[in-house]
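Student: what would the 3D arrangement of this be:
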Amino acid sequence: MIKQHVAGTVYGVILNDSVSLQRIGSLDEAPYKGAPKAPVLYLKPANTRVACGAQVSLPAGADSVEVAATVGLVIGTAAGRLTPANALQAVAGLVLAADLSLPHASYYRPAIREKCFDGSLPISSVKPRVDLAGLTLTTEIDGQVVDSRSLSELIRSPAQLLADVSEWMTLSQGDVLLVGVRYMAPQAKAGSTVRISADGLGSLNFTIAGAQA
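Tutor: Down below sits the predicted model:
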């Protein structure tokens, strides 16, 4: 049985949806000099994780934050060298997540300060698996819908993404693979209330507090 709350390592992936690729423009020029040929991963360390209902404090000097809604695949058994046909068999459940980032214009340098501040990953408890093919994520800020995205926009489907990642690294039980976030996601300001929802997965709610002293 997988635990109700995430305890393993959380991995994210960028540039895995068509909207992000359109927004970032050509990757052929400097500094990128070519589109990635494999999933581009990053970590959301343990200090970033907070539960539904949390109050997230922004780092000193910040007055807004990008709110990128996504879904996480919770790994139920050691997953290595999977194929798209069997990859989802290694998934024990799903989580709703809000990958918070301080606004930044480039993916060329690792955005550690921007993506890894305390509380920058509100995440739900683990939910049973649902069909992800046409799942739509809705983001509301202060009661207004500011974004709606379908997982049908993903470049690599959840099964393909998991297979591609597990080709060169083994994911452990309890790890989470976020399926992708939009570049230049909607922004919430200090004092805002945020709600992310999806059919079959319920909702994830949190508030943005002012900057840390």
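Student: give the next helix or strand downstream of the helix or strand of the chain with the lowest mean pLDDT.
Tutor: For the chain, counting by mean pLDDT, DSSP states H and E, helix 18-24 ranks last in confidence among helices and strands (a mean of 76). Remark: after helix 18-24, the chain's next helix or strand is strand 40-44, criterion DSSP states H and E.
Student: from the contact counts, what lies against the next helix or strand after that next one?
Tutor: Using DSSP H and E, the helix or strand that follows strand 40-44 towards the C-terminus is strand 49-50. Under the contact definition 3 or more CB pairs under 8 Å, 6 or more residues apart in numbering; DSSP states H and E, strand 49-50 sits against strand 121-122. C-beta here means a position set from N, CA and C on the backbone, and glycine is covered the same way.
Student: return the next helix or strand after the strand it packs on as CSV; C-alpha atoms alone will do.
Tutor: Counting by DSSP H and E, the next helix or strand C-terminal to strand 121-122 is strand 136-141. This file holds the C-alpha atoms of strand 136-141, laid out as CSV (Å, rounded to 0.1, in the frame of the first residue of the first chain):
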residue,chain,number,x,y,z
THR,A,136,-8.4,19.0,-17.4
LEU,A,137,-6.8,21.1,-14.6
THR,A,138,-8.5,24.3,-13.6
THR,A,139,-6.8,27.1,-11.6
GLU,A,140,-8.7,29.7,-9.7
ILE,A,141,-7.2,32.7,-8.0
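Student: got the contact list for strand 136-141?
Tutor: Applying CB atoms under 8 Å, 6 or more residues apart in numbering, the contact partners of strand 136-141 are 67, 69-71, 96, 145-151, 185-186, 188, 192-199.
Student: who does that strand pair up with?
Tutor: strand 144-150 (antiparallel), strand 193-198 (antiparallel) (DSSP bridges).
Student: in this structure, where is pLDDT below threshold?
Tutor: Scanning the chain for pLDDT under 70 picks out 1-3, 25-36, 104-111, 211-213.
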